[in-house]
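Colleague: After the sequence you'll find the predicted model.
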Amino acid sequence: MGTALLLALPFYLDRFWLQAGLFAMAAAIGAIGINLLTGATGQLSMGHAFFLAVGAYGYCAFAGDGGDGLLGLGLPTWLAVPAAVATAGAAGGLFSPIAGRLRGAYLGIATLALIFIGQHVLFNAEDLTGGFNGRDVPPLSVFGLTFDDAEVTVAAVPFGAAEKLWYAGLVLLLCCGLFARGVLRDRPGRALNAIRDHRIAAGVMGVPVARYRAAVFVLSSMYAGLAGVLLALVFQRTVPDYFGMALSLEYLAMIVIGGLGSVSGAVLGAALVALLPQLLTRYSEALPLVSDPGTGGIAPGEASRYLYGAAVVAVVLFLPGGLASLTARRSSSTPGEDR
């Protein structure tokens, strides 16, 4: 029933709601990745936004034709997507020796440096990124279908970029969720949980701790890269300001609110954090204290940060398992089934 509803939504929702849903899908993919690292393995990362930027700008560089004066290799867009994800993974691989040896707050501080490095590169490597103004994103084209605003009529409903990307986003999210769930349920997942719960004991049992930490960091980076590609396709333009510290903190809020170490929790937390500013912006005129910037009230983006900040505190104090624990209680599944 839920699957049928998701498939039918593009026939009934307007562009705003479809774009909001796509933002949530991209956020969910990135949240699953950081949940593998932080929730399952216990490694704190503050640099997730850096790898989203690598994916987004990597796709633009691989798929761009150079007609706008920026670097573009002119690859087919269906090939540029995995190339961008692989580039994000390679960037994570360069950092993985550090990730394999540091833990907790030390790794968090080390990954924090990635944000500052990334912001410097994004603003100054103008031939690649377009600088402050960013760069346009080439539309995805697969099997002759281009995911742009050129309308295609399906069952008397005009399909533009948002409607087409909706189904691509669903497929990507489903594949990412199933793969992560498989990892967590199999031997790698048990090893990651052992490292999180007791690193020394895991090493005594024969788990190569540094290798697993490095590998999951690379995998998390690839998830972030794919999320960055999908975000770029939805926005249709990349700008450096978006990939800053606030974005990394939002991803940490997603997995805390949703539930650490849970795939379904990552999706739920991402949906809440990604949709909240969209909803506040949409209904700001009807909400008290919330208004456009400069009009005396609280801006929707700022209000959303207050709200999910309060949600993080509430979850830590009263619901340690996050939103995923609520759904687990209401279902017939055993605790931790989605891990």
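Modeller: Yep, that arrived.
Colleague: can I assume Val218 is in contact with Ser96?
Modeller: Yes: the pair Val218 / Ser96 is scored as a contact, 5.5 Å apart, by Cβ atoms under 8 Å. All C-beta atoms are positioned from the backbone trio N, CA, C, and that covers glycine.
Colleague: Against Leu145, how distant is Tyr212?
Modeller: 39 Å (Cβ to Cβ, to the nearest Å).
Colleague: Specify which residue of the two has the higher count of neighbours.
Modeller: Tyr212 (18 against 12; other Cβ atoms under 10 Å).
Colleague: Report the spatially closest residue to that one, excluding sequence-adjacent ones.
Modeller: The shortest distance from Tyr212 to any non-neighbouring residue, by Cβ to Cβ, 6 or more residues apart in numbering, is to Ala191 (5.5 Å).
Colleague: Go ahead and confirm the one you found touches Gly203.
Modeller: No: between Ala191 and Gly203 there is no contact under Cβ under 8 Å: 10.7 Å.
Colleague: okay, those two: which has more neighbours?
Modeller: Per other Cβ under 10 Å, whichever of Ala191 and Gly203 has more neighbours is Ala191, with 22 against 14.
Colleague: Please name the residues that touch the more buried one.
Modeller: Ala202, Val207, Tyr212 (Cβ atoms under 8 Å, 6 or more residues apart in numbering).
Colleague: which residues does the first one contact?
Modeller: Put plainly, it is Ala202. Applying Cβ under 8 Å, 6+ apart, the residues contacting Ala202 are Ala191, Ala194, Ile195, Val209.
Colleague: Mind telling me what element it is part of?
Modeller: helix 199-204 (DSSP states H and E).
Colleague: That helix - what's its average pLDDT?
Modeller: Average pLDDT, helix 199-204: 85.
Colleague: Over to stretch 90-106?
Modeller: The model assigns stretch 90-106 a mean pLDDT of 86.
Colleague: just the helices in this structure please.
Modeller: 2-8, 15-34, 48-63, 77-101, 105-124, 126-129, 161-185, 187-197, 199-204, 209-235, 245-258, 263-282, 300-318, 322-330 (DSSP state H).
Colleague: so Asp127 makes contact with Leu70?
Modeller: Yes: using Cβ under 8 Å, Asp127 is in contact with Leu70, at 6.2 Å.
Colleague: More neighbours: those two, which one.
Modeller: Leu70 (21 against 10).
Colleague: Which single one of the contacts of Ala202 is nearest to Ile298?
Modeller: Within the contacts of Ala202, the smallest distance to Ile298 is 41.4 Å, found for Ile195 (Cβ to Cβ).
Colleague: Including distance to Thr41, could the helices of the chain go into TSV?
Modeller: Shown next, in TSV, are those (distance: least, Cβ to Cβ, whole Å):
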stretch	distance to Thr41
helix 2-8	30
helix 15-34	10
helix 48-63	14
helix 77-101	10
helix 105-124	10
helix 126-129	31
helix 161-185	10
helix 187-197	5
helix 199-204	10
helix 209-235	5
helix 245-258	12
helix 263-282	14
helix 300-318	19
helix 322-330	17
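Colleague: Out of these, which one sits most buried?
Modeller: Neighbour counts (mean count of other Cβ atoms under 10 Å) averaged over each of the helices of the chain peak at helix 48-63, with a mean of 29.
Colleague: now for it, which elements pack on it?
Modeller: helix 15-34, helix 77-101, helix 105-124, helix 126-129, strand 135-136, helix 209-235, strand 237-238, helix 245-258 (3 or more Cβ pairs under 8 Å, 6 or more residues apart in numbering; DSSP states H and E).
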